[in-house]
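Q: Here is my input; please provide its structure:
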Amino acid sequence: MNNIYLRLFYTFFKIGAFTFGGGWAMIALIQREVVDKHRWVSKEEFVDMLAVAQSLPGILAVNFSVAIGDRLRGFKGSLVSALGTILPSFIIILAIAIFLTPDTIKENETLNSIFKGIRPAVVALIVAPVLTTAKAAKINLKTVVIPIAVALLIYSGIPYVSNPIVYIILGGIGGYIYHTWRLSKEKQGKQ
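A: Residues are numbered from 1 along each chain as shown. So this is what the prediction gives:
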């Protein structure tokens with residue numbers, strides 16, 4: 001496939017069609033396709049795009065596909081990538097709506113068994129990219145305290161303290177302060 005638009009569509013269609021469990025479950029497959037196989041972005045760029053895609057409203061996989069498509073071919077690339085990501089789910093949900101009723105799904109032992117079998121795989125698909133992303137983001141034993149503390153504070157349910165937006169804003173401010181501090185130290189070291 002020489003046409004970049006076809007490759008973008010096919011890549012994200014495949015990702016959308018063969019992953020269960022939402023955005024985080026897709027991250028490992030997205031990384032394999034866009035970083036390892038096609039080399040559309042580097043590992044560092046992937047982590048940065050992941051952070052941006054996760055902080056934007058909407059579906060993580062669609063946000064990510066739009067970012068990759070935009071990086072490669074602008075608006076048309078982002079449109080093709082988003083369509084490739086969304087179309088498999090749309091087709092599957094449409095088929096389910098046409099052929100199955102909620103009662104049919106509840107009573108069908110085969111379907112229930114399939115979904116029970118998928119659950120452990122989905123957990124693994126979510127844990128694997130979290131570990132990979134943590135490694136790429138250079139999270140180590142010293143810095144792992146921050147995401148654990150934030151997760152516990154969000155989980156606490158305490159008003160204002162459990163709001164994830166607070167930690168996104170604080171993380172942005174902290175990153176800016178840290179970056180500014182490092183630049184000033186580098187300038188002092190050069191003098």
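Q: okay, how far is it across stretch 33-48, tip to tip?
A: Its start and end residues considered, stretch 33-48 measures 16 Å (C-alpha to C-alpha, to the nearest Å).
Q: One more: stretch 136-147?
A: Its first and final residues considered, stretch 136-147 spans 15 Å by C-alpha to C-alpha.
Q: Break the protein into its domains for me.
A: If you go by automatic domain parsing, the domain ranges for the chain are 4-137, 139-191.
Q: so how far is the first one from its chain's centroid?
A: Looking back up the chat, that one is domain 4-137. 8 Å (C-alpha atoms, centre = their mean, to the nearest Å).
Q: most tightly surrounded among the domains of the chain?
A: When neighbours are counted by mean count of other C-beta atoms under 10 Å, the highest per-stretch mean among the domains of the chain falls to domain 4-137, a mean of 16. From N, CA and C alone the C-beta is placed, and that goes for glycine too.
Q: what pLDDT, on average, does that one get?
A: The average pLDDT for domain 4-137 rounds to 86.
Q: Which residue ranges of this protein form helices?
A: Along the chain, the stretches classed as helices by DSSP state H are 4-17, 23-31, 43-55, 60-99, 102-107, 109-136, 145-155, 164-190.
Q: Other residues contacting the shortest one?
A: When you say that, I think you mean helix 102-107. Residues outside helix 102-107 that contact it (C-beta atoms under 8 Å, 6 or more residues apart in numbering): 96, 111, 112.
Q: Now distance to residue 37 too, for the helices of the chain, in a markdown table please.
A: Below are these laid out as a markdown table (distance: least, C-beta to C-beta, whole Å):
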| stretch | distance to residue 37 |
| --- | --- |
| helix 4-17 | 8 |
| helix 23-31 | 10 |
| helix 43-55 | 12 |
| helix 60-99 | 13 |
| helix 102-107 | 35 |
| helix 109-136 | 15 |
| helix 145-155 | 29 |
| helix 164-190 | 30 |
